[in-house]
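Participant: Sharing a sequence plus its predicted fold:
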Amino acid sequence: MTTFANRILGAMRLDPRVYEEVEANRGTMPQAVAIVLLASVAGGVGLVDVHAPDLMALITQSVGALLGWVSWALLMYSVGTWFLPEPQTRADAGELLRTLAFAGAPGLLRIFGVIPGVGLAIYAIASIWMLLAMIVAVRQALDYRGTGRAVAVCVIGWTLSLVIAALISSFFPRILS
């Protein structure tokens, strides 16, 4: 049995075997949820202005990171299984969500975004690392033979989630007023 810490480290190393294990093991769902929640909070903390900390900003940024992950994951599931499947693609939402959650493991490092001078670079590197992990997760969970289709699924899902986020944010101020 693989430990939670070993799964996190394996996911961060982009080890396809870890993603295959998580895909097949429904019992890893609580761990997957924990990673998503912790990475979302780390993302929120990493964006906090250390010179003027603001609890509401932290909460908003953490919730935004969580909602962003959820929308991206659901869009990638839709694109990967409905629009860009390969003949051997067989995945349910739980399988893909578990693998994508573990792909969020590098996002735990975004907490170091608060370090003055280097924080933004660390935050950016962790975010790019998450994207690379998402590509591996999609490739493994959707049983793609190559990486190109997984890259397409991630880029399309990411682009659509940004469009949705922009639309929501454009209406949000109107809701509050």
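Facilitator: Received it, and whenever you're ready, just let me know what you need. Numbers count the residues shown, from 1 in each chain.
Participant: Which residues are in contact with Trp129?
Facilitator: Met12, Pro106, Leu109 (C-beta atoms under 8 Å, 6 or more residues apart in numbering). (C-beta placed from N, C-alpha, C; glycine too.)
Participant: can you give me the helices in the protein?
Facilitator: 4-12, 16-24, 29-46, 55-78, 93-103, 119-141, 148-176 (DSSP state H).
Participant: which of those helices sits most buried?
Facilitator: Greatest average neighbour count among these goes to helix 93-103 (a mean of 24), per mean count of other C-beta atoms under 10 Å.
Participant: which other residues reach it?
Facilitator: 7-8, 11, 18-19, 22-26, 28-29, 31-33, 35-36, 69, 73-74, 76-77, 80-81, 130, 133-134, 136-138, 140-142.
Participant: Export only the CA atoms of that helix, formatted as PDB.
Facilitator: Taking C-alpha atoms only, helix 93-103 is exported to PDB below (Å, rounded to 0.1, in the frame of the first residue of the first chain):
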ATOM      1  CA  ALA A  93     -15.500  11.400 -13.700                       C
ATOM      2  CA  GLY A  94     -14.200  10.000 -10.400                       C
ATOM      3  CA  GLU A  95     -11.100   8.400 -12.100                       C
ATOM      4  CA  LEU A  96     -10.200  11.700 -13.800                       C
ATOM      5  CA  LEU A  97     -11.000  13.800 -10.800                       C
ATOM      6  CA  ARG A  98      -8.800  11.700  -8.600                       C
ATOM      7  CA  THR A  99      -5.800  11.900 -11.000                       C
ATOM      8  CA  LEU A 100      -6.300  15.600 -11.500                       C
ATOM      9  CA  ALA A 101      -6.500  16.200  -7.800                       C
ATOM     10  CA  PHE A 102      -3.100  14.500  -7.300                       C
ATOM     11  CA  ALA A 103      -1.800  16.600 -10.200                       C
END
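Participant: how far does it sit from the chain's center?
Facilitator: Distance, stretch centre to chain centre, for helix 93-103: 9 Å (C-alpha atoms, centre = their mean, to the nearest Å).
Participant: where in this protein is pLDDT low?
Facilitator: Scanning the chain for pLDDT under 70 picks out the ranges 1, 169, 171-177.
Participant: Mind doing that once more with 50?
Facilitator: 1, 174-177 (pLDDT under 50).
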